[in-house]
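S.K.: quick one, structure for this:
(one chain, ligands or ions: 1)
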Amino acid sequence: PRHLISAADLTRDDAVLILDTAEEMARVADRPIKKLPTLRGRTVVNLFFEDSTRTRISFEAAAKRLSADVINFSAKGSSVSKGESLKDTALTLEAMGADAVVIRHGASGAPYRLATSGWIDSAVVNAGDGTHEHPTQALLDAFTMRRRLVGPDAGLGRDLEGRRITIVGDILHSRVARSNVHLLHTLGAHVTLVAPPTLVPVGVEQWPCDVSYRLDDVLPKSDAVMMLRVQRERMNAAYFPTEREYSRRYGLDGERMARMPEHAIVMHPGPMVRGMEITAEVADSDRCTAVEQVANGVSTRMAVLYLLLGGSETALPSAAARTE
Ligand code: CP
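M.R.: Next comes the predicted model:
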């Protein structure tokens, strides 16, 4: 495929190819010189209409490690604030010779529109659109689970088969949850969503997962527990849970973490709100992979850019190893 818009579009083979390529890319990070020549002369544009720390920085790091040129565009401080449309912004980027556009937008469907509009020829990567999807987050999460729960050299492809993943919190507004449900299902894992009834989306019964309202019942049966932030910015006060009540019922503290199996990990895509969905004790524990997920995000995004932009085979670390 030319674009990455949705984790739901990925076949098992697609997902496994990306995860296996990410393993190869991770080896580059262990070298003294963390760079490959594979996308030299190509241009990657980061087009961010919503705030981001991890996704924007890691796409920039990923593109630079593949030797691509990077243009960072943030809607804040741009002519978007003067009323310029997505189409005119896209045409401007096209005129600058973008080979890939990584887009984050508050409107669900904006990356799909960009990819199918005919305005631009570039590959389009969804870096989070409204409450719809965040496919590279799900890929880096699957990569992290594979490494922590199975190991990097496990039989690839079927290795998350039967793993039990619990996703906790504001499912209603979470593009991370949607992408993870689709990808983990494709990889054979079993997903349970846990949330207050007001933060479960309508139609969730169509999703390939279970839903529970009782975190304490699900924790002992989980291999990974992914905590989500309550997205106040996408809510109105009518269904805004109080911090104390939310933390008491759905927050993860040390006592609750002790109910998880010994091998189980705690995940968080970030940004974390310590004291709300996760205590500092859990966030800082060895079982929490939040920082590791960020590092894995660079390797995973390198793999996505490499595969979409058709980087040179011989510039892959494994190819270099074969010719050494
Ligand atoms: N996980 C994630 O998407 O973080 P940012 O919003 O900081 O990019």
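S.K.: so which bits of the protein are right by the ligand?
M.R.: Residues of the chain found near the ligand (C-beta under 6 Å from any ligand atom) are 52-55, 128, 137, 269-271. The way it works is simple: take the backbone N, C-alpha and C, and place the C-beta from them, glycine included.
S.K.: in which helix or strand does Met25 reside?
M.R.: Per DSSP states H and E, Met25 falls inside helix 12-29.
S.K.: same question for His185.
M.R.: Going by DSSP H and E, His185 is part of helix 175-186.
S.K.: how about the strands in the stretch 201-324 of the chain?
M.R.: Along the stretch 201-324 of the chain, counting by DSSP state E, counting those that start in this stretch, strands occupy 210-212, 224-227, 265-267.
S.K.: deepest-packed of these, please.
M.R.: Of all the strands of the stretch 201-324 of the chain, strand 224-227 carries the top mean neighbour count, a mean of 27, counting by mean count of other C-beta atoms under 10 Å.
S.K.: just checking: what are the partner strands of that one?
M.R.: strand 164-168 (parallel), strand 265-267 (parallel) (DSSP bridges).
S.K.: okay if I get those strands as a markdown table plus mean pLDDT?
M.R.: Output for the strands paired with strand 224-227, formatted as a markdown table (pLDDT from 0 to 100):
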| stretch | mean pLDDT |
| --- | --- |
| strand 164-168 | 98 |
| strand 265-267 | 98 |
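S.K.: indicate which one of those is closest to Ala295.
M.R.: Ala295 lies closest to strand 265-267 among the strands paired with strand 224-227, at 13.4 Å (C-beta to C-beta).
S.K.: quick revisit: right, and the strands paired with strand 224-227 - which one's nearest Arg27?
M.R.: Nearest of the strands paired with strand 224-227 (C-beta to C-beta): strand 265-267, 22.3 Å.
S.K.: can you list contacts of that closest one?
M.R.: By C-beta atoms under 8 Å, 6 or more residues apart in numbering, the surrounding residues in contact with strand 265-267 are 141, 144-145, 148-149, 223-227, 252, 257, 260, 278, 282, 285, 287-290, 293.
S.K.: swap the cut-off to 10 Å and go again
M.R.: 141, 144-145, 147-149, 165-168, 176, 180, 222-228, 252, 256-257, 260, 278, 282-283, 285-290, 292-293 (C-beta atoms under 10 Å, 6 or more residues apart in numbering).
S.K.: quick one: the helices in the stretch 1-150 of the chain?
M.R.: For the stretch 1-150 of the chain, the helices defined by DSSP state H, counting those that start in this stretch occupy 12-29, 54-65, 86-95, 110-116, 135-145.
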